[in-house]
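# build me a model from this:
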Amino acid sequence: MSFLWLEFSQSFQVLAILLATLLYSVVYGYRFWTAIGLPSACFPFVVNCQVVLLACNLICHFGVLFLHFLKGGCNGMGAWGFNSVLNGVILCLFLNFYVKMHLRKKNVEDIDEHGDSSSSSSAHSYGYSKSEFKFE
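Numbers count the residues shown, from 1 in each chain. Alright, predicted model coming up:
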C-alpha cells in the first residue's frame with residue numbers, strides 16, 4: 001500500500017498519515033507509561049485508540065469518495081480502492097477480536113455471578129481464570 005501512495009497522491013493522504021502517526025504515538029506513549037510501572041487506564045485504552053483510528057480512516061475514505069464525485073475525478077482511485085479493501089479487512093478482523101473479547105468477558109462475569117462452571121464457552125473450560133484476563 002505504501003508504494004501505491006508514493007505513486008498516487010490524494011488530498012486526504014497527508015491528513016490520514018498525520019492522524020495515524022498521532023494516534024500511534026499516543027498508544028506507544030501509553031504502553032511505555034504502563035511498562036515503567038505507572039498506573040494504567042481503567043478502560044481499554046489501546047482498543048479505543050484503534051476505534052478512533054478506524055473512524056478517522058473511514059472519514060478520510062468518504063472524503064476522498066465525496067471529492068471524487070464532486071470534482072469529477074481524483075488521482076489514484078485504484079489505490080484508494082485497494083486501501084479501502086485493506087482497511088475493510090482490518091476493520092473486520094478488529095471487530096471479530098473485539099466481539100470475541102467482550103463475549104468472553106461476559107461469559108466470565110456470568111459464571112462468577114451464577115457459580116456455573118459447566119458452560120463449554122466459558123473461560124474456565126479453556127483453563128483460564130478471571131484474574132488471568134487483561135482486557136486492553
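# any idea how far the residue positioned nearest the centre of the chain is from G72?
The centroid of the chain falls nearest to Q50 when counting by CA atoms, centre = their mean (3.3 Å). Using CB to CB, to the nearest Å, we find Q50 at a distance of 35 Å from G72. C-betas here are computed from N, CA, C, even on glycine.
# let me know the average pLDDT across the top helix by length along the chain.
Secondary structure of the chain per DSSP state H: the longest helix is helix 77-114. Averaged over helix 77-114, pLDDT sits at 80.
# what residues of that helix count as buried?
The neighbour-count check on helix 77-114 (16 or more other CB atoms under 10 Å) flags A79, W80, N83, S84, N87, R104, N107, V108, I111 as buried.
# which of the residues you listed are the two that sit furthest away from each other?
A79 and I111 (48.1 Å; CB to CB).
# in what element of secondary structure is the residue nearest to the centre of the chain found?
Per DSSP states H and E, Q50 falls inside helix 45-71.
# tell me the angle that helix makes with helix 77-114.
Angle of helix 45-71 versus helix 77-114, following axes from the mean of the first three to the mean of the last three CA atoms, to 10 degrees, is 150 degrees.
# can you spell out which helices and strands pack onto helix 45-71?
Secondary-structure packing of helix 45-71 (3 or more CB pairs under 8 Å, 6 or more residues apart in numbering; DSSP states H and E): helix 13-35, helix 77-114.
# distance to A41 added to those, as JSON lines?
Compiled in JSON lines, the helices and strands packed on helix 45-71 are given as follows (distance: least, CB to CB, whole Å):
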{"stretch": "helix 13-35", "distance to A41": "7"}
{"stretch": "helix 77-114", "distance to A41": "16"}
